[in-house]
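Novice: Show me how the following folds:
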Amino acid sequence: MGPASPLSFRRTAILGLLSFGNLIPSAFAVKEHDFKKCHQSGFCKRNRDYADSINTKGSAWTAPYDILPDSSSFQDGQLEAVILKTINDDKETVRLPITISFLESGTARVTVDEERRQKQDIELRHDSKIRKERFNGVEKLAIIDGLNLDTEAKITHQDKSHITVAYGPSHKFEAVVKLSPFGIEFKRDGATQIKFNDGGLLNVEHWRPKIEKPVEKVEPAAEGEQKPIEGEEAATPETVVGDDESTWWDETFGGNTDSKPRGPESVALDISFVGYEHVFGIPEHAGPMALKQTQGGDGQYTEPYRLYNADVFEYVLDSPMTLYGAIPFMQAHRKDSTVGVFWLNAAETWIDITKDKSGGIVSSKTTTKTHWMSESGLLDVFVFLGPTPQDVTKNYVQLTGTTAMPQECRPQDGPIQDPLRCHLARH
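Specialist: As a prediction, the model looks like this:
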């Protein structure tokens with residue numbers, strides 16, 4: 001046998017390097033401590049804890065959001081009303097204006113604001129000059145068209161419990177608005193496709209003044225007792241059951257403190273895809289196309305999907321951690337049907353996903369439940385009822401526009417005055 005060729009040595013060296021690379025953990029180069037987990041993000045932790053508390057109470061839970069019966073009005077394809085949020089045992093309420101718009105394309109849009117913030121009737125800490133209203137500029141930045149109202153939409157039923165609006169092509173879509181507690185069912189051809197607030201996780205953190213509390217003097221720990229960690233408060237039944245105020249006005253991560261002059265202002269909502277086992281979208285994440293559950297389990301995630309633009313060079317495979325891009329557009333698909341939602345919010349957002357199976361062995365049906373949580377802004381959601389993937393995509397891009405295509409000329413081809421002409425010249 002003759003001597004091995006240089007090519008064989010080269011192949012052996014490459015294979016050796018690849019094999020060595022496989023021995024290094026995929027997360028070795030990722031500085032995970034630089035990226036927040038949900039429990040390190042104040043609003044995410046608060047909303048997840050809120051959801052856990054509700055799920056523990058089960059049927060004993062009554063959501064504190066109700067539409068004021070006499071507040072509703074409907075005109076030219078738009079339903080307006082006021083949601084009352086009950087905030088304490090004394091039945092004090094916060095007014096949250098809601099607008100449900102039915103568009104010519106067959107898309108429905110649900111927007112919830114905060115009346116007091118709309119009127120700028122609040123006081124900011126330290127006489128801050130920042131805007132008092134909730135951030136409402138996303139539409140101007142992200143929506144290019146498709147907001148014309150469906151003037152043919154009509155109320156088909158209204159009583160003290162709910163309002164039903166028929167809209168879309170041939171009025172085959174319906175929005176059934178439940179007044180108390182607030183919720184919406186979106187139907188196509190009489191069958192429910194999407195539900196809002198079915199689990200009662202709606203949470204609009206309203207404005208409240210900061211009450212300055214005296215700093216408690218911490219006595220030195222006696223011998224044998226554990227000294228409290230600086231910055232931590234002792235857990236009491238009140239602090240566990242009640243709201244966690246520790247991140248209302250500021251929070252620290254990675255040595256940087258984020259001050260919050262407006263206080264807590266997150267928005268959250270549970271959106272259920274009824275009868276859909278698989279959901280897709282909310283890029284960009286290094287995980288499978290069909291999104292995984294995020295509450296643990298065999299092969300599932302324990303963290304919610306995070307949407308937050310990040311300049312990430314190294315990342316963990318099969319993970320919900322944030323990467324380049326954050327597009328809050330999700331589709332649910334099953335045989336012969338596709339629906340979707342577009343969560344119009346530019347703030348940091350986390351999304352929990354769980355699946356609920358109901359029925360018998362033969363006739364079992366899976367519903368995918370999602371819990372959307374954003375740090376601030378309006379609650380603003382577009383609903384697409386399909387029924388085909390093409391229908392959902394068409395209606396979505398009608399709102400946001402299509403993907404821009406880059407020119408294909410090489411840099412050495414010289415200055416590009418006309419990308420289209422350059423593209424055509426190369427084909």
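Novice: what distance separates stretch 328-343 from the centre of its chain?
Specialist: 14 Å (CA atoms, centre = their mean, to the nearest Å).
Novice: Would you work out how far apart the start and end of it are?
Specialist: 5 Å (CA to CA, to the nearest Å).
Novice: Check which residues of that stretch are buried.
Specialist: 328-333, 337-343 (16 or more other CB atoms under 10 Å). Using the backbone N, CA and C atoms, a C-beta is placed for each residue, glycine as well.
Novice: Am I right that residue 306 is in a strand?
Specialist: Yes: counting by DSSP: H, G, I helix; E, B strand; the rest coil, residue 306 is part of a strand.
Novice: Among the buried residues of stretch 328-343, which one sits closest to residue 90?
Specialist: Among the buried residues of stretch 328-343, residue 343 lies closest to residue 90 (CB to CB), at 33.1 Å.
Novice: can you tell me how far that closest one sits from residue 78?
Specialist: 20 Å (CB to CB, to the nearest Å).
Novice: Stretch 378-393: how far from the chain's middle?
Specialist: Distance, centroid of stretch 378-393 to centroid of chain: 15 Å (CA atoms, centre = their mean).
Novice: From the opening residue of it to its closing one, how far?
Specialist: By CA to CA, one end of stretch 378-393 lies 24 Å from the other end.
Novice: tell me the mean pLDDT for it?
Specialist: For stretch 378-393, mean pLDDT rounds to 98.
Novice: Next: stretch 323-341.
Specialist: Computed over stretch 323-341, the average pLDDT equals 96.
Novice: Can you tell me which residue is spatially central in this protein?
Specialist: residue 372 (3.3 Å; CA atoms, centre = their mean).
Novice: would that residue count as being in a strand?
Specialist: Yes: counting by three-state DSSP, one finds residue 372 located in a strand.
Novice: For residue 308, see how far away it is.
Specialist: 14 Å.
Novice: what do those two both touch?
Specialist: Common contacts of residue 372 and residue 308 (CB atoms under 8 Å, 6 or more residues apart in numbering): residue 349.
Novice: Residue 103: how many residues sit nearby?
Specialist: For residue 103, the neighbour count with other CB atoms under 10 Å is 22.
Novice: Now do the same contact list for it.
Specialist: 77, 109, 146, 147, 148, 149, 150.
Novice: Verify the contact between the residue nearest to the centre of the chain and residue 269 for me.
Specialist: Yes: here residue 372 reaches residue 269: they are 5.5 Å apart, a contact under CB atoms under 8 Å.
Novice: secondary structure class for residue 192?
Specialist: Quick answer, by three-state DSSP: residue 192 is strand.
Novice: That one: neighbour count?
Specialist: When neighbours are counted by other CB under 10 Å, residue 192 comes out with 16.
Novice: Next, find the distance separating residue 387 from residue 107.
Specialist: From residue 387 to residue 107 the distance is 14 Å (CB to CB).
Novice: more crowded one of these two?
Specialist: It is residue 107, of residue 387 and residue 107, that has more neighbours when counted by other CB under 10 Å, with 25 against 16.
Novice: quick one, what contacts that one?
Specialist: So residue 107 contacts 146, 382, 383, 384, 395, 398, 399 (CB under 8 Å, 6+ apart).
Novice: For it, which non-adjacent residue is closest in space?
Specialist: residue 395 (5.0 Å; CB to CB, 6 or more residues apart in numbering).
Novice: and the gap between that neighbour and residue 173?
Specialist: For residue 395, the distance to residue 173 - CB to CB - is 12 Å.
Novice: Identify the contacts common to those two.
Specialist: residue 106.
Novice: If you count surrounding residues, which of those two has more?
Specialist: Neighbours around residue 395 and residue 173, counted as other CB under 10 Å, are more numerous at residue 173. The numbers are 24 against 21.
Novice: Might one say that the more buried one is in contact with residue 185?
Specialist: No: using CB under 8 Å, residue 173 is not in contact with residue 185, being 11.2 Å away.
Novice: Let me see the ranges of the strands in the stretch 101-250 of the chain.
Specialist: Assigned by DSSP state E, counting those that start in this stretch, the strands in the stretch 101-250 of the chain fall at 108-112, 154-158, 162-167, 173-178, 183-188, 191-196, 203-204, 250-253.
Novice: and those strands as a markdown table, adding mean pLDDT?
Specialist: Output for the strands of the stretch 101-250 of the chain, formatted as a markdown table (pLDDT from 0 to 100):
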| stretch | mean pLDDT |
| --- | --- |
| strand 108-112 | 99 |
| strand 154-158 | 98 |
| strand 162-167 | 99 |
| strand 173-178 | 99 |
| strand 183-188 | 99 |
| strand 191-196 | 99 |
| strand 203-204 | 98 |
| strand 250-253 | 88 |
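Novice: To residue 212, which of the ones you listed lies closest?
Specialist: strand 250-253 (13.3 Å).
Novice: Remind me what the next helix-or-strand element following that closest one packs against, helices and strands.
Specialist: Sequence order places strand 256-259 as the next helix or strand after strand 250-253, per DSSP states H and E. With contacts defined as 3 or more CB pairs under 8 Å, 6 or more residues apart in numbering; DSSP states H and E, the packing partners of strand 256-259 are strand 250-253.
Novice: partners of the strand it packs on in the sheet?
Specialist: Strand pairing for strand 250-253, determined by DSSP bridges: strand 256-259 (antiparallel).
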